[in-house]
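*Asks:* here is the input, now give the coordinates:
(one chain, ligands or ions: 1)
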Amino acid sequence: MKRLNNLSLTQRLVLIVMVPVTCVSLVTSALYLNYVREPLELATRARAQSIASFLAPAAEFGVFSGNAAHLDKLLQAAMAQDGVVAVAILDARGAPIAQRGQPMLLAHAVFASGDGTDTRRVGAQADRLAVSARVVSPRLGIDAPAEATEPIGWAYVEFDASDLEQQRATTLLQAMLLAAMALLLAGIPAYRLARRVGRLVARLAEAVHCLAAGQLDVKVPEAARERELGALERGFNAMAHSMSSAQQELNRQMDRATAHLNYLALHDPLTGLLNRRAFDGEITKAVMASRRTADHGTLCFVDLDHFKAINDACGHAAGDAVLQAVSVRLGGCVRAEDMIFRIGGDEFAIILKGCSPDDARRIAEGLCKAIAAYRFTDGGRHFDLGASIGLARIDNPDISADALVAAADAACYQAKRDGRNRVMEV
Ligand SMILES: Nc1nc2c(ncn2[C@@H]2O[C@H](COP(=O)(O)OP(=O)(O)OP(=O)(O)O)[C@@H](O)[C@H]2O)c(=O)[nH]1
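*Replies:* Presented below is the predicted three-dimensional model:
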């Protein structure tokens, strides 16, 4: 049972077909064998019986009188018959009175009286058939029924049955050939179909493993000749393709979502400028770059003057609009390689890369003027804005990013204390 459970799908399918086919072939062969053999045997036995039946009445007188010479003549005549290999006349107990040839079955013969038959088969070896017929007393008359009398002897005939055996062997061979043909006719297509089904299932199982492992571009070859198996292959490929497309779309959406998250993580949603987090990273990079190369620059801190007044007078939304407008103006005053950050409520930072102190000062002055030139109007009220700007050079190899930021902040604070709307440099 355990072995059966270990069989592959192909082996099981072949077994399911071959076991019933083998059984049916064997039964059919046996029936065929019986059907052909029976008449042959009956015909041979009938012939032997006719010789014994002919011999028995002819031997009545010889047995009754004990005339061995007469009996021997009869046996000689019987031996001349085609197929007869041994004959004998026996007394009532089965002891031979006269015999010709070498009877091989005589020792096994049973001679019982009163069985109601004149002749009967008494035994058989591979190539011999033996029959006997009762010899009755001639004094009882011709019309007396043979069954009613006790035999006085037996006419015994052994017949050559090798032809019968030959016929049997031929018939057996034919039956086996028929069975083998049936097995081949059923077995070969069954095996080929089972192998195709087994291979397809194995290919599908392997492909499913690939899918499970995340390899979604897997495909099985569409080679099946059977409609259902072909549909299975096409169906699997369509499913794998759908999964692959869905996965690609999901990846695209994930990439977009990740990019958006990254953007949100590093940008200020109000102005679209880089935020404080981005500033922390970029200022560290700028300090490192200035240490590695001679790419010095300037950190510029911008703090709006009197911004709170707009907020208080016109509301938060108006303050937001001002912050957006200031952001645009800042962008218009710096170079493409410079980076602008909104690092607090009304505080901005600008990293001026690869910039000489003079250029940095000029740019900062430009920023100051641009913001001072901006006038916010709301409901007939006008608000002037300004900016206090602190500058710190990024060229000191020993200074840390935090110290640099503190220096720029201090310069900005100094600009505030000195009257606002001005640029201060550390
Ligand atoms: N509308 C708006 N206001 C903000 C935002 N973030 C901070 N603020 C406000 O900005 C103001 C900043 O305060 P301060 O810098 O002291 O105001 P200020 O009038 O510029 O003061 P000085 O710098 O001393 O001139 C506060 O009133 C904050 O509530 C924002 O996102 N939108």
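*Asks:* read off the pLDDT value for the closest residue to the ligand within the stretch 101-250 of the chain.
*Replies:* At 35.8 Å from the ligand, residue 250 is the closest residue in the stretch 101-250 of the chain, using C-beta to the nearest ligand atom. (Glycine included, C-beta is placed from N, CA and C.) For residue 250, the model assigns a pLDDT of 94.
*Asks:* so what's the residue count around it?
*Replies:* 10 (other C-beta atoms under 10 Å).
*Asks:* next SSE downstream of the host helix or strand of it?
*Replies:* Residue 250 belongs to helix 227-266 when elements are defined using DSSP states H and E. Downstream of helix 227-266, the first helix or strand assigned by DSSP H and E is helix 276-292.
*Asks:* could you give the angle of that following helix to helix 227-266?
*Replies:* Between the axis of helix 276-292 and that of helix 227-266 there is an angle of 80 degrees, by axes from the mean of the first three to the mean of the last three C-alpha atoms, to 10 degrees.
*Asks:* packing partners for helix 276-292?
*Replies:* helix 227-266, strand 297-305, strand 339-342, strand 347-352, strand 386-394, helix 401-417 (3 or more C-beta pairs under 8 Å, 6 or more residues apart in numbering; DSSP states H and E).
*Asks:* near the ligand, which residues of this structure?
*Replies:* Residues of the chain lying close to the ligand by C-beta under 6 Å from any ligand atom are 270, 303-309, 311, 316, 319-320, 323, 345-346.
*Asks:* three-state assignment of residue 324?
*Replies:* Assigned by DSSP: H, G, I helix; E, B strand; the rest coil, the conformation of residue 324 is helix.
*Asks:* 60 is where my numbering starts, stick with that
*Replies:* With 60 as the first residue, the last one maps to residue 383.
*Asks:* ok, now which ones touch it?
*Replies:* Residues near residue 383 by C-beta atoms under 8 Å, 6 or more residues apart in numbering: 329-330.
*Asks:* per-residue confidence at it?
*Replies:* Looking at residue 383, its pLDDT reads 97.
*Asks:* that one and residue 325, how far apart?
*Replies:* Here residue 383 is placed at a distance of 18 Å from residue 325 (C-beta to C-beta, to the nearest Å).
*Asks:* for residue 346, same thing?
*Replies:* For residue 346 relative to residue 325 (C-beta to C-beta), the value is 19 Å.
*Asks:* return the helix or strand in this structure with minimum mean pLDDT.
*Replies:* Of all helical and strand segments in the chain, the minimum by mean pLDDT, DSSP states H and E falls on strand 178-184, at a mean of 50.
*Asks:* which elements pack onto the very next helix or strand once past that strand?
*Replies:* On the C-terminal side of strand 178-184, the closest following helix or strand by DSSP H and E is strand 187-194. Applying 3+ C-beta pairs under 8 Å, 6+ apart, we find strand 187-194 packed against helix 68-117, strand 143-150, strand 178-184, strand 212-219.
*Asks:* swap the cut-off to 10 Å and go again
*Replies:* Applying 3 or more C-beta pairs under 10 Å, 6 or more residues apart in numbering; DSSP states H and E, we find strand 187-194 packed against helix 68-117, helix 119-124, strand 143-150, strand 178-184, strand 212-219, helix 221-271.
*Asks:* that concludes my questions; thank you for your assistance.
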